[in-house]
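Student: the amino acid sequence is not available; the structure is as follows:
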């Protein structure tokens, strides 16, 4: 299963194009703009010869830089951070839109509070006297996006529960079991009834499993804002602690629960209970919503 937290730079599939990152780098754009200006000024006294001379020098320098700079560890680390931040921003926007569509106003309010705490911690990290780094705060910001993903899954499961009709399925199971007691059934009819009974039974088991998992998910969502507040208070009360990184990592280890929780909600368990009661029905709009939320969390 793909990690539901932030994408790791060590994952080859998630690595950016280092050459493209170099070409888009602000310093490279400034250098190209400066070369263009120099070419224009050189063309005034020398004409096309001056323009071509500057262009050749600039092109040669650009090629050499493109061969060397993308391979530097420091540049690669910068490119991976930028790539991760862009992916996180896109994922945040998708999840915020998803929560708005699902009516998750409470979840959005909790997220906004956590987000404000993270922004305050970014300001603390800019203080040169503290050992807190922006990379440390980035981990907390990743967790706020994980919170959005978990909230989207929780709301989807809530809608699923509202649509489920467990009593109806129990009655149908009882009816099937009663029909199977008829010794006069043809072999083909008995096979079809047993297949339908197996599907209803599987749907019941899935519904009960999801009920347990949803309870764990709700507990997680209630705990995350409080734990984030603990981390915030830890940093604010002792901003110049020399072991800030170790303390923050210890707190983060208790917050790093999104992947374990999301692992419980795979695509097979997000199929609507009502659709399962109809053997050949396709997943309804809710099933697609839950799967989309799960994929967003795992992205």
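Tutor: Yep, that arrived. Computed from a predicted model, the values in this text were never measured in an experiment.

Student: residue 159 contacts residue 102, doesn't it?
Tutor: Yes. Using Cβ atoms under 8 Å, residue 159 is in contact with residue 102, at 7.3 Å. The C-beta positions use only the backbone N, C-alpha and C, and glycine is treated the same way.

Student: of those two, which one has the most company?
Tutor: A side-by-side neighbour count of residue 159 and residue 102, using other Cβ atoms under 10 Å, places residue 102 first with 19 against 16.

Student: pretty sure the more buried one sits against residue 153.
Tutor: No. Using Cβ under 8 Å, residue 102 is not in contact with residue 153; the gap is 10.0 Å.

Student: which secondary structure elements does the helix or strand where residue 89 lies sit against?
Tutor: Element membership for residue 89, per DSSP states H and E: helix 73-102. On a contact count with 3 or more Cβ pairs under 8 Å, 6 or more residues apart in numbering; DSSP states H and E, helix 73-102 meets helix 18-24, helix 105-125, helix 134-163, helix 285-298.

Student: closest one to residue 188 among these?
Tutor: For those, the distance to residue 188 is smallest for helix 285-298, at 30.6 Å, taking Cβ to Cβ.

Student: hey, which helix or strand in the protein has the poorest pLDDT?
Tutor: Within the chain, no helix or strand scores below helix 273-276, which has a mean of 41 by mean pLDDT, DSSP states H and E.

Student: any idea how the protein splits into domains?
Tutor: With automatic domain parsing as the criterion, the domains of the chain are listed as 1-102, 105-299.

Student: from residue 190, how far out is the residue of the chain most remote from its centre?
Tutor: What lies farthest from the middle of the chain is residue 45; by Cα atoms, centre = their mean that is 56.9 Å. Here residue 45 is placed at a distance of 98 Å from residue 190 (Cβ to Cβ, to the nearest Å).

Student: now the helices and strands packed on helix 73-102 as JSON lines including distance to residue 53?
Tutor: JSON lines is the format used below for these (distance: least, Cβ to Cβ, whole Å):
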{"stretch": "helix 18-24", "distance to residue 53": "23"}
{"stretch": "helix 105-125", "distance to residue 53": "46"}
{"stretch": "helix 134-163", "distance to residue 53": "43"}
{"stretch": "helix 285-298", "distance to residue 53": "53"}
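
Student: which one of these lies closest to residue 95?
Tutor: Among these, helix 134-163 sits nearest to residue 95 (Cβ to Cβ), with 3.9 Å.

Student: quick one: the closest one to helix 73-102, angle?
Tutor: 30 degrees (axes from the mean of the first three to the mean of the last three Cα atoms, to 10 degrees).

Student: how far off centre is the helix or strand following helix 134-163?
Tutor: For helix 134-163, the following helix or strand on the C-terminal side (DSSP H and E) is helix 166-180. Per Cα atoms, centre = their mean, to the nearest Å, the displacement of helix 166-180 from the mean C-alpha position of its chain is 40 Å.

Student: mind giving me the packing neighbours of helix 166-180?
Tutor: Counting contacts by 3+ Cβ pairs under 8 Å, 6+ apart, helix 166-180 is packed against helix 187-237.

Student: what is the helix it packs on packed up against?
Tutor: Using 3+ Cβ pairs under 8 Å, 6+ apart, helix 187-237 sits against helix 105-125, helix 134-163, helix 166-180, helix 244-255, helix 258-262, helix 273-276.

Student: so residue 241, which of the three states?
Tutor: Of the three states, residue 241 takes coil according to DSSP: H, G, I helix; E, B strand; the rest coil.

Student: if we can go back for a sec, residue 66: which of the helices and strands packed on helix 73-102 is closest?
Tutor: Across those, closest to residue 66 is helix 18-24 (Cβ to Cβ), at 5.9 Å.

Student: buried sites along that closest one?
Tutor: 18, 21, 22 (16 or more other Cβ atoms under 10 Å).

Student: same thing with stretch 79-86?
Tutor: Neighbour-count burial for stretch 79-86 flags 79, 80, 83, 84 (criterion: 16+ other Cβ under 10 Å).

Student: quick one: buried residues of the helix holding residue 89?
Tutor: Neighbour-count burial for helix 73-102 [16+ other Cβ under 10 Å]: 75-76, 79-80, 83-84, 87-88, 91-92, 94-96, 98-99, 102.
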